[in-house]
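K.L.:
quick one, fold the following:
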Amino acid sequence: MKNLKLLTLLWFLLISWTLIGCTSNKPEVTEENTSTGDFIIEDITDQYNAAIDYNDKLVDLAAACINSENNIWTAYDDENSSTNDVQTAISSTLNECNAIIEQINTLGDREWDSSLKDGVIAIIEKDINYYSKFSELLPYLELENPTDEEAEASAAILNELDALDAELNEANANLVTLQAEFAATHWYELEEWSAEEVAE
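P.N.:
So this is what the prediction gives:
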């Protein structure tokens, strides 16, 4: 394949965050027993663990979509691969990421809070749009001497890819904010992990 400057998808940052417990942020939740006037301490540890599990499940699913993209760039960088090989890899990634969106939708909301789930879905959808558009560019990369019309069409697709890349960057920034808000709402802190730690 011809070399093409690849656009960096910054939403990879999603998998470099995870929720950790923060006991100093946990409120002492009490509920008054109206029949006796006594106060009952409610054990809310399970609620915090559920919030962590919910976050981690979303991170794992999003990471699976990201990891499926590796096959695209492996095929793209292989000098012996064809446009068809790259298109096949793109189709596989699109199928995988669409299936992941369906899995995320089955998770439901966390205590009626859908913000984190919706943010992850939004960024995966933008990723799908990016690779769908990228697949339209591939036939033009094979052309040795493109016509003016072909060159113009290729340039238009590249402009659309630039715009989609900007949307991904914006969606990534939004997701980081949403995840921080989710952590605050459910009384947890975010801990930043390196890409190497996440991969382990």
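
K.L.:
which strands and helices sit next to whichever strand or helix holds residue 153?
P.N.:
Element membership for residue 153, per DSSP states H and E: helix 148-185. The contact analysis (3 or more CB pairs under 8 Å, 6 or more residues apart in numbering; DSSP states H and E) places helix 148-185 against strand 17-21, helix 45-68, helix 115-141, strand 188-192. Bear in mind the C-beta positions are built from the backbone N, C-alpha and C, glycine included.

K.L.:
now with 7 Å?
P.N.:
Applying 3 or more CB pairs under 7 Å, 6 or more residues apart in numbering; DSSP states H and E, we find helix 148-185 packed against helix 115-141, strand 188-192.

K.L.:
residue 62 contacts residue 120, doesn't it?
P.N.:
Yes: judged on CB atoms under 7 Å, residue 62 makes contact with residue 120 at a distance of 5.3 Å.

K.L.:
so where's this protein uncertain?
P.N.:
Applying pLDDT under 70 to the chain flags the ranges 1-48, 187-200.

K.L.:
again, 80 this time
P.N.:
1-52, 183, 186-200 (pLDDT under 80).

K.L.:
so what's residue 68 up against?
P.N.:
For residue 68, the contact set (CB atoms under 7 Å, 6 or more residues apart in numbering) comprises 92, 93, 96, 97.

K.L.:
from residue 170, how far off is it?
P.N.:
23 Å (CB to CB, to the nearest Å).

K.L.:
with residue 105 instead?
P.N.:
Look at residue 105 and residue 170: by CB to CB, they are 23 Å apart.

K.L.:
pull the number of nearby residues for the residue lying closest to residue 71 once chain neighbours are set aside.
P.N.:
Once flanking residues are discounted, residue 71 sits nearest to residue 89: 4.4 Å by CB to CB, 6 or more residues apart in numbering. For residue 89, the neighbour count with other CB atoms under 10 Å is 22.

K.L.:
got the buried residues for the helix or strand containing residue 89?
P.N.:
Secondary structure from DSSP H and E places residue 89 in helix 83-107. Buried residues in helix 83-107, defined by neighbour count with 16 or more other CB atoms under 10 Å: 83, 85-87, 89-90, 93-94, 96-97, 100-101, 104.

K.L.:
skip the chain neighbours and tell me the closest residue to residue 54.
P.N.:
Per CB to CB, 6+ apart, closest to residue 54 is residue 110, 4.7 Å.

K.L.:
wait, residue 64
P.N.:
residue 100 (5.9 Å).

K.L.:
isn't residue 69 up against residue 90?
P.N.:
No: the pair residue 69 and residue 90 fails to qualify as a contact (CB under 7 Å) at a distance of 9.0 Å.

K.L.:
that older thread, just the helices and strands packed on helix 148-185: most buried one?
P.N.:
Highest mean neighbour count among the helices and strands packed on helix 148-185 (mean count of other CB atoms under 10 Å): helix 115-141, with a mean of 19.

K.L.:
so what does that helix touch, helix or strand wise?
P.N.:
Helix 115-141 sits against helix 45-68, helix 83-107, helix 148-185, with contacts defined as 3+ CB pairs under 7 Å, 6+ apart.
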